[in-house]
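Visitor: let me see the structure of the following:
(one chain, ligands or ions: 2)
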Amino acid sequence: MLGATGSIGLSTLDVIARHPERYAVFALTAFSRVAELAGLCLRHRPAFAVVADAAAAALLQAQLADAGLATRVLVGEAGLAEVAAHPEVDAVMAAIVGAAGLTPTLAAVEAGKKVLLANKEALVMSGALFMQAVRRSGAQLLPIDSEHNAIFQCLPVDYSRGLGAVGVRRILLTASGGPFRETPLAQLDAVTPEQACAHPNWSMGRKISVDSASMMNKGLELIEACWLFDAPPSRVEVVVHPQSVIHSLVDYIDGSVLAQLGNPDMRTPIAHALAWPERIDSGVAPLDLFAIARLDFQAPDEQRFPCLRLARLAAEQGGTAPAMLNAANEVAVQAFLERRIRFPEIARIIDHVLSAEAVLPVEQLACVFEADRRARVRAEHWLNRRA
Ligand code: NDP
Ligand code: MG
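Guide: Numbering: from 1, shown residues only. Ligands and ions are numbered 1, 2, ... in the order given. So this is what the prediction gives:
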């Protein structure tokens, strides 16, 4: 469990705890929330735990030893990669947020694990190389992102033959529109991180919550869908659906449109991917269609949500463009959460970075990390100039 202390991590542990006969936790990782990680270790008794630095590791190791646990504590990126690729591991939940998840997630892919992918940023950054590594190692990649999990459920098992070959016309990616779907445009300048993180339907980590408010989350998901399902960006359409009950749809050439529905609770896609191709109880309440009563759909408004347009552009450009988009967004979201910039400036920073930096082909992973680094420098420069 990479990112055990996060929103996806905790939902995954909730599902796993319902099925002790099926699952045992081998390793739990965290970054800053070490006390929370200690609590999770006491409950789930993993063989390994991973934290960010040696001081936190020493503290945690002592605490776990006092409690009589033999859990070994490892440190940093090397520790994350070690547990992700460990021979005793069958499945890896990749739930670290942001670019920090790329190296450990790739370690799991290269070791041929069953990889449950929540960390969309890893795939957005390194798309082609990531998918090549999946094919080379024989890893089984299962999407946790609710939209992609829904699409996976609506596609035939042999979809890797090509979407055209299996009769798919379009993928319809649903989006709630976030907390600012109807906020007057003039008021977006004044919205706070608290308002941005108060998502109407989903409870999530702060970074993805801000991404949902700007709809960059849907932009990243568009790129994610292109890689997962080998689709050109033109085949992926975004549909605003405020109730978040339909998690996405697949439109076939015969006019059939298949959708996956459910309550907005990440334990459903997590349980689906964990048990696939079987089904297990996730703890999610049955869908009450009478209580929902209606489902609404709208076209996305790119004036309100410029991040969506920027992400589509990066998807079309390919090469290092998605990695730069992601890096500029990570810097901008952090600056917004720290109240250094206003909400609409998130898109302005990303636009600036993408227009200032040349898009290069990606031949190896080093190109991705270099593009990520350059985009961060460029975004920081924008922030400093603004200050
Ligand atoms: P959270 O912020 O809640 O959790 C992030 C996890 O990653 C925490 O365990 C955190 O540790 C760890 N982490 C953060 N930074 C680092 C780092 N530099 N190195 C190692 N570990 C780190 O995020 P979410 O659970 O919301 O999201 C996780 C991923 O899943 C994201 O990529 C997100 O886009 C994706 N996702 C999330 C959904 C959701 O409903 N939450 C839905 C669909 C996708 P610590 O707690 O110690 O800081
Ligand atoms: Mg999603």
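Visitor: any idea how many residues pack against the residue in the chain that ligand 2 sits nearest to?
Guide: In the chain, the residue that lies nearest ligand 2 is Asp145 (4.2 Å; Cβ to the ion). To be clear about C-beta, it is placed using only N, CA and C from the backbone, and glycine gets the same treatment. By other Cβ atoms under 10 Å, the residues close to Asp145 number 27.
Visitor: return the residues in contact with the nearest residue to it once chain neighbours are set aside.
Guide: Spatial nearest neighbour of Asp145, chain neighbours left out: Lys120 (5.7 Å); criterion: Cβ to Cβ, 6 or more residues apart in numbering. Residues near Lys120 by Cβ atoms under 8 Å, 6 or more residues apart in numbering: Asp145, Leu220, Glu221, Glu224.
Visitor: and the residue of the stretch 1-150 of the chain found nearest ligand 1, what does it touch?
Guide: Here the residue of the stretch 1-150 of the chain nearest ligand 1 is Gly6; by Cβ to the nearest ligand atom that distance is 2.0 Å. If you count contacts by Cβ under 8 Å, 6+ apart, Gly6 has them with Ala95, Ile96, Val97, Gly205.
Visitor: let's see it at 6 Å
Guide: Ala95, Gly205 (Cβ atoms under 6 Å, 6 or more residues apart in numbering).
Visitor: distance check, it against Asp281.
Guide: According to Cβ to Cβ, to the nearest Å, Gly6 and Asp281 sit 23 Å apart.
Visitor: get me the contact residues on the stretch 201-350 of the chain for ligand 1.
Guide: Trp202, Met204, Gly205, Lys207, Ile208, Met266 (Cβ under 6 Å from any ligand atom).
Visitor: columns neighbour count, distance to Asp351 and pLDDT on top of these, output as JSON lines?
Guide: Converted to JSON lines, those look like this (neighbours: other Cβ atoms under 10 Å; distance: Cβ to Cβ, whole Å; pLDDT from 0 to 100):
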{"residue": "Trp202", "neighbour count": "16", "distance to Asp351": "27", "pLDDT": "85"}
{"residue": "Met204", "neighbour count": "20", "distance to Asp351": "25", "pLDDT": "94"}
{"residue": "Gly205", "neighbour count": "18", "distance to Asp351": "25", "pLDDT": "96"}
{"residue": "Lys207", "neighbour count": "19", "distance to Asp351": "19", "pLDDT": "98"}
{"residue": "Ile208", "neighbour count": "25", "distance to Asp351": "21", "pLDDT": "97"}
{"residue": "Met266", "neighbour count": "25", "distance to Asp351": "31", "pLDDT": "98"}
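Visitor: which two among these are spaced furthest apart?
Guide: Lys207 and Met266 (15.1 Å; Cβ to Cβ).
Visitor: which of the contacts of Lys120 lies closest to ligand 1?
Guide: Taking these together and measuring to ligand 1 by Cβ to the nearest ligand atom, the closest member is Asp145, at 4.5 Å.
Visitor: can you pull the contacts of the residue of the stretch 101-250 of the chain found nearest ligand 1?
Guide: Among the residues of the stretch 101-250 of the chain, Gly205 lies nearest to ligand 1; the distance is 2.6 Å by Cβ to the nearest ligand atom. Residues near Gly205 by Cβ under 6 Å, 6+ apart: Gly6, Ser7, Val97.
Visitor: please redo it, this time with the cut-off set to 10 Å
Guide: Gly3, Thr5, Gly6, Ser7, Ile8, Gly9, Ala95, Val97, Gly98, Cys197, Asp211 (Cβ atoms under 10 Å, 6 or more residues apart in numbering).
Visitor: in helices only, show me the contacts of Lys120.
Guide: Leu220, Glu221, Glu224 (DSSP state H).
Visitor: JSON lines please, covering the contacts of Lys120 and showing pLDDT.
Guide: Below are the contacts of Lys120 laid out as JSON lines (pLDDT from 0 to 100):
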{"residue": "Asp145", "pLDDT": "98"}
{"residue": "Leu220", "pLDDT": "98"}
{"residue": "Glu221", "pLDDT": "98"}
{"residue": "Glu224", "pLDDT": "98"}
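Visitor: widest-spaced pair of the residues you listed?
Guide: Greatest spatial distance among the contacts of Lys120 (Cβ to Cβ): Asp145 and Leu220, at 9.1 Å.
Visitor: mutual contacts of those two, please.
Guide: Lys120, Leu123, Ile208.
Visitor: name the nearest residue to Val191, sequence neighbours excluded.
Guide: Leaving out its chain neighbours, the residue that sits closest to Val191 by Cβ to Cβ, 6+ apart is Phe343, at 4.9 Å.
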